[in-house]
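Q: Okay, structure incoming, though there's no sequence with it:
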Ligand code: ANZ
Ligand code: ZN
């Protein structure tokens, strides 16, 4: 055995050993329980970042733990390969997105391999491959025919200079990120999934998932179920011109607070509402306001924070409960896509209405008061009143006065129903999912537009619609729309000339079903091979970042339900358990430039001075020796230039050190603060582990004759065995149930400390040493597999480690041979004695009486009484 730990030698050796034995290549095997461990696949952006390393190490630890425990473990890896960064890189560097993407994949695959993850590489997939997305296109055509996917107009950000549609994040302060042009809203036809039909199922199925409560709450809020009433306000007789049908009869609003109807002081409609259009017909100022509302960003976050603005229409409606005339306003805070695109405004109890009413000097009327201490109503403190549904009663509301929220809700909605002016309605905030993107690097939407037949799905035998890969986009419009060789085709129905859809799909589509494709990635008859879907069912464990808590996870759940209805998979949920790993943090350093901007320096370029407690006090730039400001500790990111390249870490210390540091520094769900000394500490521990085994082997190693005999061990060796088996039990629980790996590592370190202190030089001692080291190497294998693999082959040359089972705690060893007994004199603790665990009552009593403490405090007198509590204490009554 080599004397020194040399990761650059043992890591590739262990990796090729696993690869040659194909131990991570799995297939359906009914004789074993299955465990499907899935980590969120990366976008091939160029190289791995620390977040990836952490994510995949967590998954690897769980997978390897299950593998040694006899599970048939599937741990796949692939590439979320479509997306905008490839197009941007293409524009910057004049290289085709496909080429850029495949090169990145090749580089990152090597990085992942150098980290020794137990992936089944034979199942690798890339979502940009036609062999992958053809199944997505097929499902699309089926769902389109079923009506689950439909076409309607949607609003997009239009850059009039670049002549292209922009994503929300490409609109900065209302302007296009490249052109700087003012962005317009445009209506264009797009394809939508009817995810709203599944809102209730997506909500109720959350209950059965073993997911962090926080993530479930985020999903519930996103789905946003609310119970309310649709209230009809009759139009005043002079307010109907230009309106047709129901719109000429009444204005309908959706409210969750029908109880506040008598506090309504105006109503407001969205700019797109027919009443707004009709009212604006002869009023240029209304037309101008409507146009203003229709421009600007379509991002919902902006809508929530923007300044509330509106204009009065000069039209009126009647409050059905008391006949009051209320003026109709057009307001920018009313969304056309939600409820009825109109609100009854109750500025006394609603924040937005309050802000609006204050600005335009509209009346504010209180109709709810507190039943508690009854502070005087202060309209500037609407917060005290808004949303509080408990301990309140109605006032200024006639027959409803005095009612609490629920009673008033029921009474007002019953009254509205009897007046034929309202009906209860459950509403979801969730919108239908628009999946059309006017971009190039995505999965083509498999639709053919024919002038006589309309939208015709591409027939199955003509799929896939292949995306041409040798295209270099230039940033103006979608390249596909400029390629007649792509879009010119014939109609599958009538055979006439027709045009292919040139939009591509939202890349969330591909990541919504990859968890199933991994089950049979090469299957060429359908999305998933039925036997594979039946065997693997769903991912038992999913691991990834909290940033995907809403959209990705919701879409993947939705897709699973669709695939289940199509009979493709037997499950309704894709991920039984979810672990969201914390962020990787690192210190930041900067200088303020003359223009007041911050220039960020990478920690590698900075030298930090610390005080005697190791706290940073000052920092200078290595390049010029001049000071830099120490910023906060923040998530590693490009914008703060505080990333540490995992490759540097792997090159300097090896994969095992990187893995150990990540798992030891904090529990998976918490954030992890980068620390150079932590990395060095991890490396030191591995060197020490190596030396420990080296010294043991050097002394002659195992003594086989004694290896199964644990009788007649001396106390020290018995204690060591006790510690060993307690450690096995604890570490197994940490991996298997608690998912806390830092404590597992700490437990093994403690065991090694005790091993170091124990004299194991006797023949029996060497047998115990063998037992300890064999266990340690298996307990650490999930975290630092390369070094453990190498050490195992030194300790036991006959079987490979992955065939050795997980160590089991020996119940007999866990029984302590000796126990400590408290000695009390008149109820006060005076001494402790150690007795054999199976000592008789008499023997315990004798030992207690003989103890120095007992002797001293009974002053040699014969005690009146001695009470023995076996296993715990002896009380001497003197
Ligand atoms: C009167 C009222 C009084 C309201 C009050 C709230 C508080 P959720 O719970 O999210 O479903 N609303 C309805 N349609 C809207 C639209 N298209 N754009 C903007 N706001 C709209 O929200 C329902 C509430 O949001 C409704 O209840 C309505 O305001 C508003 F003290 O009606 B409420
Ligand atoms: Zn046709």
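A: Everything's here; your move. Being a predicted model, the structure only gives us computed values, none of them experimental. Ligands and ions are numbered 1, 2, ... in the order given.

Q: pretty sure residue 535 contacts residue 26?
A: No: Residue 535 lies out of contact with residue 26 (Cβ atoms under 8 Å); the separation is 10.2 Å. Glycine gets a C-beta too; all of them are placed from N, C-alpha and C.

Q: just the residues of this structure that are near ligand 2, which are they?
A: Neighbours of ligand 2 within the chain, by Cβ under 5 Å from the ion: 450, 452, 453, 491, 493, 494.

Q: hmm, back to that, looking at residue 535 and residue 26, which is more packed in?
A: Using other Cβ atoms under 10 Å, the more surrounded residue of residue 535 and residue 26 is residue 26, with 22 against 19.

Q: which residues does the more buried one contact?
A: 72, 73, 74, 120 (Cβ atoms under 8 Å, 6 or more residues apart in numbering).

Q: Neighbours of the residue nearest to residue 104 when sequence neighbours are not counted, how many?
A: Excluding the flanking residues, the one nearest residue 104 by Cβ to Cβ, 6 or more residues apart in numbering is residue 44, at 4.0 Å. Using other Cβ under 10 Å, residue 44 is surrounded by 25 other residues.

Q: and residue 44, what does it touch?
A: With contacts defined as Cβ under 8 Å, 6+ apart, residue 44 is in contact with 79, 80, 81, 101, 104, 105, 108, 126.

Q: so which strand or helix has the third one?
A: Per DSSP states H and E, residue 81 falls between elements, in no helix or strand.

Q: do the fifth one as well
A: Using DSSP H and E, residue 104 sits within helix 97-114.

Q: Give me the buried stretch members for that helix, please.
A: In terms of neighbour count (16 or more other Cβ atoms under 10 Å), helix 97-114 has its buried residues at 97-102, 104-105, 108-109, 111-114.

Q: need those residues in a markdown table with pLDDT, can you?
A: Converted to a markdown table, the buried residues of helix 97-114 look like this (pLDDT from 0 to 100):
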| residue | pLDDT |
| --- | --- |
| 97 | 97 |
| 98 | 97 |
| 99 | 96 |
| 100 | 97 |
| 101 | 97 |
| 102 | 97 |
| 104 | 97 |
| 105 | 98 |
| 108 | 97 |
| 109 | 98 |
| 111 | 97 |
| 112 | 97 |
| 113 | 97 |
| 114 | 97 |
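
Q: which one of those is nearest residue 764?
A: If you rank these by distance to residue 764 using Cβ to Cβ, residue 114 comes first, at 42.0 Å.

Q: correct me, but that closest one touches residue 14?
A: No: counting by Cβ under 8 Å, residue 114 stays clear of residue 14, with 11.5 Å between them.

Q: hmm, back to that, hmm, which of the residues of the chain next to ligand 2 are the buried ones?
A: Buried members of these, counted by 16+ other Cβ under 10 Å: 450, 491.

Q: Distance to residue 402, secondary structure and pLDDT added to the residues of the chain next to ligand 2, as CSV?
A: Formatted as CSV, the entries for the residues of the chain next to ligand 2 read as follows, by distance: Cβ to Cβ, whole Å; DSSP: H, G, I helix; E, B strand; the rest coil; pLDDT from 0 to 100:
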residue, distance to residue 402, secondary structure, pLDDT
450, 65, strand, 97
452, 66, coil, 96
453, 63, coil, 97
491, 68, coil, 98
493, 66, coil, 96
494, 69, coil, 97
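
Q: Tell me which residue lies nearest the centroid of the chain.
A: Geometric centre of the chain, nearest residue: residue 546, 3.0 Å, by Cα atoms, centre = their mean.

Q: The residue lying closest to it once chain neighbours are set aside in helix, strand or coil?
A: Spatially, and ignoring its direct neighbours in sequence, residue 546 is nearest to residue 580 (4.4 Å; Cβ to Cβ, 6+ apart). Judged by DSSP: H, G, I helix; E, B strand; the rest coil, the three-state class of residue 580 is strand.

Q: beta partners for residue 580?
A: Under DSSP bridges, the beta-bridge partners of residue 580 are residue 544.

Q: can you pull the contacts of it?
A: Contacts of residue 580 (Cβ under 8 Å, 6+ apart): 212, 214, 215, 543, 544, 545, 546, 549, 669.

Q: Recalculate using a threshold of 7 Å.
A: Listed by Cβ atoms under 7 Å, 6 or more residues apart in numbering, the contact set of residue 580 reads 212, 215, 544, 545, 546, 549, 669.

Q: likewise residue 156?
A: Residue 156 sits next to 165, 186, 188 when contact means Cβ under 7 Å, 6+ apart.

Q: Mind checking which of these are buried?
A: Neighbour-count burial (16+ other Cβ under 10 Å) applied to the contacts of residue 156 gives 165, 186.

Q: from the contacts of residue 156, which ones fall inside strands?
A: Within the contacts of residue 156, residues falling in strands by DSSP state E are 165, 186, 188.

Q: Setting aside sequence neighbours, what's the nearest residue to residue 510?
A: residue 127 (3.7 Å).

Q: my read: that neighbour touches residue 86, true?
A: No: applying Cβ atoms under 7 Å, one finds residue 127 not in contact with residue 86, separated by 11.8 Å.

Q: before we move on, back to that, for residue 114 and residue 14, list the residues in contact with both.
A: By Cβ under 7 Å, 6+ apart, residue 114 and residue 14 have no common neighbours.

Q: Of the contacts of residue 26, which is the nearest to residue 874?
A: Closest approach to residue 874 among the contacts of residue 26 (Cβ to Cβ): residue 73, at 52.3 Å.

Q: Next, the contact list for that closest one, please.
A: Applying Cβ under 7 Å, 6+ apart, we find residue 73 in contact with 26, 35, 37, 63, 66, 67.

Q: Mind checking what helix or strand follows the helix or strand the second one falls within in sequence?
A: I take that to be residue 35. Secondary structure from DSSP H and E places residue 35 in strand 34-39. Counting by DSSP H and E, the next helix or strand C-terminal to strand 34-39 is helix 50-68.

Q: name the helices or strands packed onto the helix or strand harbouring residue 680?
A: Following DSSP H and E, one finds residue 680 within helix 676-698. Identification of packing neighbours for helix 676-698 by 3 or more Cβ pairs under 7 Å, 6 or more residues apart in numbering; DSSP states H and E yields helix 646-653, helix 655-665, helix 763-780, helix 785-795.

Q: now with 8 Å?
A: Helices and strands touching helix 676-698, by 3 or more Cβ pairs under 8 Å, 6 or more residues apart in numbering; DSSP states H and E, are helix 646-653, helix 655-665, helix 741-757, helix 763-780, helix 785-795.
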